[in-house]
Each structure stands twice: as structure tokens, then as C-alpha cells.
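[1] Quick check, what structure comes out for this input:
(2 chains)
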Amino acid sequence: MSFRNLPLAIDHERDKSTLFTPEIRAAIDKHIAKYPSEWRQSAVMPALTLVQDANGGWLTQALMDDIAVYLDMPPMSVYEVATFYGMYDLEPQGRHKVCVCNSISCMLQGSEELIEHVEHKYGVKPGETTADGRFTLKEVECLGACRDAPAVLLDKTYHEKLSPDALDKLIDDLE
Amino acid sequence: MTDKLNIEIDGRVCEAAPGEMIIAVADREGISIPRFCYHKKLSIAANCRMCLVEAEQGGRPFPKPVPACATPVGDGLKVWTRSPKAIEAQRGTMEFLLINHPLDCPICDQGGECELQDVAMGYGGDVSRFAERKRVVKDEDLGPLIATEMTRCIHCTRCVRFGAEVAGVRELGATGRGEEMRIGTFIAQTVEHELSGNVIDLCPVGALTSKPYRFTARPWELTMHDSIAPHDGLGSNIRLHVRRNQVMRIHPRDNEAVNETWISDRDRFSYAGLYSEDRLTKPMLKQDGSWREVEWTDALTLVAERLKAADAADTGWLMAPNATLEELYLAARVARGLGCANIDHRLRQQDFRGDAADPLLPWLGVTASELERQQAILLIGSDIRHEQPLLAHRIRKAALAGAQVVCVNPIKLELNHPATQLMGSPAQMLSDLAAIAKVLGARGSSAANDLIGAAEPTDAQTAAAAALREAGGQGGGVVLLGALAIAHPDFTLVKGLAHAIAAAAECRIGYLPAAANSLGAYLAGAHPDRLPGAKPSETKGGAVAEILDGTSKTLVLWGFEPDRDLIDTAAGMEAIGKADFVVACSAFRSAALDEMADVLLPISAFAETSGTFVNANGTWQRFQGAVAPPGEARPGWKVLRVLGNLLDLEGFEYRDGAEVQAELAALCTDSPLDNAPRGDFDASPASASGSGLMRVGTIPIYAADPLVRRSTPLQQMPMPRCELAVYLHPQQAAADSLGPGDIVYAQQGHQGARLRVILDDHVPMGCARISGALAGSESLGPLVGPVSLERVKNP
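    Predicted coordinates for the structure are as follows:
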């Protein structure tokens, strides 16, 4: 949504140097530096990714609020981004994320089969985590790998042209 | 590029400005295009797609229908809003919008005034082709004002854009994606912004509706009456929706020069106070300590006798600044007819030493619409969002357009726009102003010059002065004085310094009126040294401070509550208690009035009387009564007319309120809207006294007047920093060995109140923020004045 008076900057009156860790702050700062100074909030997506990765793969409301403080933006704008994109998770996740693309190309090439297979074999539905906490199954929107559908994003790695057996092997290799 | 161009809509040639959107031109021409997300005051989202039209430019048709709200006009543009292609596109959009919309119009509060319902009548199918499950969305509690039924939401995002663009607070947002998209607060919180009620009007469906009005009436049962909001100095144009002699709800009326299309929540929901249980419905007389209902004639005869017998020098008239112009004028006539010039409406002012130098009619200095075009605004002593919610919005607009806003305040404000806030104790406020004046090379009265001489400007003050000078040079600077300046013990010096700054920086100076009719009170002569027409009076009467110095024997209290609406409630009530005869004309009964008055006269509240308010711009806005007053309550001007007759005063034979207004208007033909001082604001500083704590008493937005205080929905709203408590800076609390939650006895004069300590770094050192006009604050002294805190050992 484009508002008439972007960006709506908010001074949260909190000390930014107490947020996150120095490493995370430095990493976010690198992204902030890519944008004009009044557009700090443009770094919200990488910031969410960095903070989520440091928090075991999911975001709490408190962390999102901290990002809002760090980027001088309204908390609501952070929630909007975090709830819109599939790669941000707002609930505790397994140690790994198995993200099966279920958009049109992958669906035509058998992604539903992949999902059914994982559901059947590991007893998890999309959005659920295995009992041993090994992985969370996620059904995601287009991964942009249509050429080699069906595609699965395993944590941060793309795996393409997968069959249920090939996916099994990948999952079995997860710790 | 500024040239007009011609486009053709439905075969009609229309003039348009380059860059304008098709829908804006069509609206101006009266050609209707259905829409949900488009709103003239909000950014363009183009996400509902309802306004699709067929168009061609330069003979080349657009390949598909285009959204009229997001397609700018161009030379040779031809638009068809009703062609088969356009209608087909609109019908298609309508079908999609209705897919997830529940068919619950019969139980929906919006039914009968619903944009979706209306448009569906024109473009919807008779039978839905959608056989799948509709989605259901969980409701959120947005607080006591806004009811939600989010399943009905069609995601137009008007409410979201309103928050971001107008309110400046992103309380509502669109979370989730696609089918999962939801409008809400996400974290389930109350929507608190003082303008948030406008989303009720903005919502095109029944997703956001008015909670107090919910399920009480249908729109076709309501009759509409134009009126003027009775609270802040802006005088928002409103429309009362009335059913069976009851105000059911209030909507804004468009008036670009005043309230644009918005109203504040205070103006929208205060009507609920009309139906509080403590309405005064009969004239009452206190005899031997107990109250007895009497007839109007008996009550007024007695009042007339007592007023006539009273010594005019020991008589005082205190008028609420939101009484109507007619009431104020007739009261001033009665008072002066009896030889009494002790009449005043400045109930929350304590320093009257500058009266002789005051402008005859202190007004806003700029019009409300000019305010948003200023380049620099110096705001002195104003909790602007609480005092004047929509003028605060104008200032925000100016700030977002690049204006420098500088606040000199005894508290730090929560502003939703960039501003430089110089926060300091009341004495520090004088130094801040003096420092700005020094940078500008300003000179004022001798006391002001002493302060200016002693000032050592800081960087912030220098920058503020430079911004004012630069804007002033271009005719775009204004210095505004608010309620905290008026309540300042050195209001005279504040004015002096403000005028000196304005003169040196070539800025204009403006006074934020305390209430809906403060300007009207000057024009009506409800002021110790103003005659009707705001003309200076030869005989000077006593101002509020003098009327309430404990020597008055006879008092008339009009439309306010002495335990809430006076600057120094403790001393004020004591003085009223000492008077022999007190007449209270009020729409409401209260324990304090029962205690202090001898006669209670029931007068009409807002919406029950005709009248006129003169707003901050000096615009006269007349309105008619919409409902009859309850019981035997009567419009105030009629009461005063009869009183005038009983007192055998001449010229009280008015047939209607309009005649009263016309008589006053004839006296106001040359009333100057000129804020130039008539003399020197000279007074030695009173607030610079040593080390003691100073109370900073703001008036919370929903405690401002008797009507608002009785509006249940507004009273349920959270008002951050406005609880009845002592707000102290953490360091100040530490210095006084106080911690959060401690109970202290806050003493002003020989009275005080037990209050809880809350730590708040928005309060300067040396100050204790204790709101006024709250239940429990009446035993305290001046809103701005010395206070001592002592910990209560065993609370």
C-alpha cells in the first residue's frame, strides 16, 4: 500500500543500542545503508530475516516491535510485512523448514504428491512440526523455480525436480 | 502544465486539471462512478476495482477497462462510465466483492446507508453463483467507540490509510495475504486516536460501525439537523441524527474551511452526555438546606429580586466559554443593565495583568485552512491534540509539508509529526521564549526585556528562531498560544514574549480559543472590559480572579461546574461557598452545584437550543435546536430574556434567538480580527519562585466540559497520561525519594489530594503533572502553580 505521506517515521524513544546483539545490529545497519537515510524502514525484510534466523527460525511480537523501534517505523507496518510473506514464521518452528512450493507449475508437476507423501510418512500437515522437532512442513507460494518444478526450499537451499523418494532422502539427511 | 484541459465523460465535455484522476472530474461533474476504496482525502489505493470505466486517449482505446480513481486525465481522453464494456467490468468486480461478504444486511447496522448495498443494487446479480464456503473473520475489540464485524470487510483499506495519513498513527493495518488478509490492530488493542471515529464514516460497509449507536436505530428513521460542535474552538460542522426527540448519533458535515470532512471523537460521541441521569429538568430552590422543585416564575422572580437587591459591585457573573453567543450577549446585557461589569468567561485563566494590553478579540491569527500552509509554527503552552484535535491535524499537515513546528511547553507532547519540543517548567518556558526572542533581537516590555537580557540561547532555540524568521519573511510563520499558556501564572509575560517574537520574526500571532465560543464571549461582552462588539469598556469590571476572591456576595454561574471548570477549583469553590446567593444555570445537576448554589435553573444543553458559536477564525456559525430540552429545561437565551423582563430592563422583547443574534451582529460590524496588542504586557514574573515543584495541570480531552464528562463511551476511552495521579520525571521522583506507585499528598494552598505517583519522562524536572477537571482534582489549586508533595506513610 502506498500512503500519501511515506515514510511514517516514529521516534519510539527507546535506546536502539540495547536491541538485539551487536552483530545483528551491524548486519541490519549494512542493509539500512543501502537506502536514503529517511528510508530506514526499507530494511525491514532483511531485518526480519536476520532476527528470525537468530531466534531459531521464528519471530515473536516483541522482536517485531524491536525491529519497529530499530527502523523508526510503526509496529503495525512490521506486522503487515511479517504476516504477508511466507518466509516469516510467527510460531515456534522445527529445527529445519521443508517448504514445498504449491503454486501452479509445481502443482502440475506433482507438488501435492510431495506434500501428501510427507504428511503420510511423517505425520505432519502443512504448518505443523514433527513430534521430534526435526522439521516443519510448509506449503509456500511460488518459489520462482518453475522451470524445474516441483521445487522445495529446504531451509535456505533450493532442491528441484523432486520425487517423493528424493525428498525423503533429503529429509532423512536432516539432523 | 497548469493549463486546464478538456476530457469527455459519457459524451459530456468536462474541464480537468492535468494530473487529476478521472473519478475526481466525474465527481465534480456529478457523473456517478461506483467506488469503495477511493476517498478524496486519502491516497489512491485502486484496490477495490469498482470504478472500472472504458476509456480511450487520442483515438486509441485502452485495451481493458481502467480504474477511474487511478487513471490521470490527458488531452483527448474519452471515458465511458456506462458503456456495455464498463458495466460488464463493474458487474464482474461486484460479483467478486460479494463472494466473501455475508448476506446479513437485515442485522447489519450499516443497512440502509451502506455503500456496498447501494452499489450491489445497481451492479450485483440477483443470485450468487458462488457456492463455496464464505470466509469468516474473527472480530477484534477496538474499544468503546468502534464496533467491528470484520467478516463484512471488503478490504478497501480506507481505515488503514486514514490512520497512516490523517491520524498519523498506524493503529489499524492489513495483515496476512490473499484469503488470509485481515484488517485489524493485530495485537488486539483499543484504537485510541482522537480522530479515529472517522473510520466509521469511511468504512463503506458494516465492518466498522459506531458502538454507542449500534442497533439503536435505522438510518431511514432519522431526521437530520445541521449543527455546530460545542467543544473545541474550531466549531466543526456536524449533522445531528435525531429520532423521536433524541439525538441518536452525530456525523460530520463537509466544510473545507473548518473541519474538512472530519470530526473529532469528542464532537462525535459527546451527545451521549445529553442522556445522563443527572440532567437538571426542573427549577430548584434550596430552602433550609434541602432542595425543592419550583415553578419557573417563582424561581425567576426570586432570582430577579435578589439580583436587583444585590450590590452590583459584589455581584459576579461567570459564563462558560461554550455558552451560545445569544446567551452570553443577554447575560452581559442583564449584568450591565444592573450596573454590574463583573462578568467573565475566562474560567481557566489566572493571570489577568495583561488585560489592558490584550487584543480586543484574540483570535487564531490565521484561518484554519491557512494554518496548514504555514512554514513555521511556534506553539506555546498547548496540549494541542487534547485541546483542539482538528487544529492539531492542520498543524500536522503543515509539518508534513515541511513546516518547522516548535513547541514551548511544560510537558512533552505525543505528536505524530516532526517537531522540536522545548520542554521546561513554567519558569523555563519564559526563558525559552526569551532566548528565542533574543536571537531575533526582539524587544518587549521591561520585564520581558529583563528576561531577554538574561537569556543564553541554545542551539535548539537559535534554530527555532531562525525557522520563524525565515518563514515570517515569507509570510508563513505563526505563533500560537494555547490553554497551558492561558493557565500560566505569567500569562502576561508569555503573551508579551510571544508578541515580541512574532513582531521580530514578522510572524502572525494567534490565540487558540479555550472553547467553542471563546471568541463569541468577547464579541458578546461577557468580559469585564468589553462591550458587545468586543469594544473596549470605560468601566472595568472584575475578572474571574476578582469575582472569585471571596468577596462576591451574589454569583451567577452559567453552564459550568465550579468543581471542574475553574482554574483554581479549591479557591473557587471556597469563594462561591462564601457568597450569600448563588444562581447556577446548568443543564446538569452535580453534587458541587447542589452544595454551593441556592437556585438551580435548568437550561438547554447542546442540540436543544438554537444559537451561534464564533469559531477560532472569527466565523459566525448559527445552528438550530434539534431536540426539545428535557422536562422544564429551557433554552438559555429565553431564560435570560424573561429575567430581563422581570428586572424591567429595556429591550428584552425578543421574539426569537435570531433577533438576539441580529442585534448583536449589528454591533459587531466593525469588530476587528486584529491581534495587535493595545499596550505593554508588563508584569514581574511570578512563576520563577525558587526550588518548589510546579503543578502542570492539563485538561484531558474527555474532561473538558460538563457534556463530555457525562458521555459514557468517551469516559471509557483510555487517556494516557491523564489519570488522576502525579506524573513525575524519574529523576525528579528520585530526588524527592519517591517511587512509582507511592501515594503522596499533593498540597496546593491549604488543600490537597492524595494521589499516586507515576513516573513519566514527558514531564520536565521541577514539575508535577496533575490533570485538572477530573473527579478528585477539585481539592487542588491552580492548574499551573506551586505544589508540594509529601509521601503518605500508611496509605
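[2] Spit out the contact partners of the residue nearest the centre of chain B.
    Closest residue to the average C-alpha location of chain B: B:D232 at 3.0 Å, with CA atoms, centre = their mean. By CB atoms under 8 Å, 6 or more residues apart in numbering or on different chains, the contact list for B:D232 reads B:S264, B:R266, B:D267, B:E387, B:Q388, B:P389, B:L390, B:L391, B:P513, B:A515, B:A516. Just so you know, the C-beta spots here come from the backbone N, C-alpha and C atoms, and that holds for glycine as well.
[3] Which element, helix or strand, includes the residue nearest the centre of chain A?
    Nearest to the centroid of the C-alpha atoms of chain A, with distances taken as CA atoms, centre = their mean, sits A:M87, at 2.2 Å. Here A:M87, judged by DSSP states H and E, is contained in no helix and no strand.
[4] what about the residue lying closest to it once chain neighbours are set aside, is that helix, strand or coil?
    The shortest distance from A:M87 to any non-neighbouring residue, by CB to CB, 6 or more residues apart in numbering or on different chains, is to A:T49 (7.3 Å). Look at A:T49: counting by DSSP: H, G, I helix; E, B strand; the rest coil, its state is helix.
[5] which stretches of the stretch 551-700 of chain B have low pLDDT?
    B:688-690 (pLDDT under 70).
[6] got the residue ranges for the strands in it?
    B:554-558, B:581-586, B:599-602, B:611-614, B:620-623, B:693-696 (DSSP state E, counting those that start in this stretch).
[7] before we move on, what about chain A?
    Ranges of strands in chain A, per DSSP state E, are A:96-101, A:135-140, A:152-154, A:157-159.
[8] can you tell me which of the ones you listed comes nearest to chain B?
    strand A:135-140 (11.4 Å; CB to the nearest CB).
[9] mean confidence for the closest one?
    Averaged across strand A:135-140, the pLDDT comes to 94.
[10] same thing with stretch B:90-102?
    93.
[11] How far off centre is that stretch?
    40 Å (CA atoms, centre = their mean, to the nearest Å).
[12] Could I get the buried residue list for that stretch?
    B:Q90, B:T93, B:M94, B:E95, B:L97, B:L98, B:N100, B:H101, B:P102 (16 or more other CB atoms under 10 Å in any protein chain shown).
[13] And for stretch B:130-140?
    For stretch B:130-140, by 16+ other CB under 10 Å, it's B:V137, B:E140.
[14] what pLDDT does the residue nearest to the centre of chain A get?
    For A:M87, pLDDT reads 92.
[15] so B:V406 touches B:L415, yeah?
    No: if you go by CB atoms under 8 Å, B:V406 and B:L415 don't touch, sitting 11.4 Å apart.
[16] Who has more neighbours out of these two?
    B:V406 (24 against 19; other CB atoms under 10 Å in any protein chain shown).
[17] how about the more buried one, secondary structure?
    B:V406 is classified as strand under three-state DSSP.
[18] Tell me the spacing between it and B:A89.
    51 Å (CB to CB, to the nearest Å).
[19] quick one on the thing from earlier: pick the most buried one from the strands of the stretch 551-700 of chain B.
    strand B:611-614 (a mean of 28; mean count of other CB atoms under 10 Å in any protein chain shown).
[20] domains for chain A, by residue range?
    A:16-84, A:96-173 (the TED database).
[21] hmm, back to that, chain A: which of the strands of the stretch 551-700 of chain B is closest?
    strand B:693-696 (19.3 Å).
[22] Give me the residues contacting that closest one.
    Contacts of strand B:693-696 (CB under 8 Å, 6+ apart): B:410-411, B:425-427, B:484, B:687, B:732, B:746, B:748, B:763, B:766-770, B:780-789.
[23] what's the span of stretch A:18-37, first residue to last?
    The separation between the terminal residues of stretch A:18-37, taken as CA to CA, to the nearest Å, is 21 Å.
[24] can you pull the buried residues of it?
    A:L19, A:F20, A:I24, A:R25, A:A27, A:I28, A:H31, A:I32.
[25] So which bits of chain B are right by chain A?
    B:42-43, B:45, B:157, B:160-161, B:164-165, B:168-177, B:180, B:185-187, B:400, B:416, B:418 (CB under 8 Å from any CB of the partner chain).
[26] buried subset of the residues you listed?
    B:42-43, B:45, B:157, B:160-161, B:164-165, B:168-176, B:185-186, B:400, B:416.
[27] Which ones among these map onto helices?
    Filtering those for membership in helices, criterion DSSP state H, returns B:V160, B:R161, B:L400.
[28] ok, now which ones touch the first one?
    By that I understand B:V160. A:M1, B:R170, B:L172, B:G173, B:A174, B:I183.
[29] if we can go back for a sec, pLDDT check: weakest of the ones in helices among the buried ones among the residues of chain B next to chain A?
    Within those, lowest confidence goes to B:L400 (90).
[30] Helices along chain A, start to end?
    Using DSSP H, helices in chain A cover A:22-32, A:44-54, A:61-70, A:75-84, A:104-108, A:111-122, A:164-172.
[31] For B:V53, which of those is the nearest?
    helix A:75-84 (29.9 Å; CB to CB).
[32] between the closest one and helix A:44-54, how big is the angle?
    Angle of helix A:75-84 versus helix A:44-54, following axes from the mean of the first three to the mean of the last three CA atoms, to 10 degrees, is 70 degrees.
[33] before we move on, back to that, any chance of the helices of chain A in TSV with mean pLDDT as columns?
    Shown next, in TSV, are the helices of chain A (pLDDT from 0 to 100):
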stretch	mean pLDDT
helix A:22-32	95
helix A:44-54	96
helix A:61-70	95
helix A:75-84	94
helix A:104-108	95
helix A:111-122	93
helix A:164-172	92
